[in-house]
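[1] Have a look at this fold, sequence not included:
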């Protein structure tokens, strides 16, 4: 029973992370549209300064997506477990040949 409850709590936390990501995505789209509209209204695209906002929000969203969905080429979700296993196997291999 305890194992099932911990699985439920982990699943609930995961759903909360994904919900927060989508909230950030939709709020970023709203801000981009708002700032783009202001930029167009003020200077008719002569100086598209709103692209700096798009760039900043884009970097932020990509970072959040990598964190939320667990993709990171260097330090992914299972990185620590893989490294521990790797070091233990190296030590076993060294001790075997002493």
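    Looks like it came in fine. Keep in mind that this is a model prediction, so the values were computed, not measured.

[2] Distance from stretch 44-64 to the middle of the chain?
    Relative to the chain's own centre, stretch 44-64 is displaced by 18 Å; criterion: C-alpha atoms, centre = their mean, to the nearest Å.

[3] Sketch out the helices for the protein, chain order is fine.
    Per DSSP state H, the chain carries helices over the ranges 2-43, 50-69, 79-96.

[4] looking at these, which has the lowest confidence?
    Here the helices of the chain differ in mean pLDDT, and the lowest is helix 79-96 at a mean of 76.

[5] And that helix, what does it pack against?
    Using 3 or more C-beta pairs under 8 Å, 6 or more residues apart in numbering; DSSP states H and E, no helix or strand is in contact with helix 79-96. In short, each C-beta sits where N, CA and C put it, glycine included.

[6] Could you check how far it is from the centre of its chain?
    28 Å.

[7] Point out the most buried one among the helices of the chain.
    Per residue and on average, the most neighbours among the helices of the chain fall to helix 50-69, with a mean of 14 (mean count of other C-beta atoms under 10 Å).

[8] how much does that helix deviate in direction from helix 2-43?
    For helix 50-69 against helix 2-43, the angle by axes from the mean of the first three to the mean of the last three C-alpha atoms, to 10 degrees is 170 degrees.
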